[in-house]
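Trainee: missing the sequence, but the structure's below:
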């Protein structure tokens, strides 16, 4: 059950990363596009993507780090019990 929960968390984090990057980019395009022309929309999309990427790295980096620690701890416990 624990593995199911951890793998579900990892899947949900991957989906959330994709959605945050998508909506951050679209938000940048729409907000900058309403202020200027096509060039502003492209620049807004790039800025929105970069800001969203930084947010995802900071937020989900911690989650993936904790998932990796849990996996390594489980492997070490398995190897200690075997030998």
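Mentor: Good, I have the coordinates. Since the model is a prediction, treat every value here as computed from it, not as a measurement.

Trainee: quick check, central residue of the chain?
Mentor: residue 17 (3.3 Å; CA atoms, centre = their mean).

Trainee: let me know the helix or strand that that residue is in.
Mentor: If you go by DSSP states H and E, residue 17 is part of helix 2-35.

Trainee: quick one: average pLDDT of that helix?
Mentor: Mean per-residue pLDDT for helix 2-35: 92.

Trainee: may I see the buried residues of it?
Mentor: Neighbour-count burial for helix 2-35 flags 13, 17, 20-21, 24-25, 27-29, 32-33 (criterion: 16 or more other CB atoms under 10 Å). For every residue, glycine as well, the C-beta is placed using N, CA and C.

Trainee: mind putting those residues in CSV, distance to residue 6 included?
Mentor: CSV is the format used below for the buried residues of helix 2-35 (distance: CB to CB, whole Å):
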residue, distance to residue 6
13, 11
17, 17
20, 21
21, 23
24, 27
25, 29
27, 31
28, 33
29, 35
32, 39
33, 40
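
Trainee: hang on, residue 46 packs against residue 28?
Mentor: Yes - the pair residue 46 and residue 28 qualifies as a contact (CB atoms under 8 Å) at a distance of 7.2 Å.

Trainee: mind giving me the packing neighbours of the following helix or strand past the helix holding residue 17?
Mentor: Next along the chain after helix 2-35, taking DSSP H and E as the criterion, comes helix 38-82. The contact analysis (3 or more CB pairs under 8 Å, 6 or more residues apart in numbering; DSSP states H and E) places helix 38-82 against helix 2-35.
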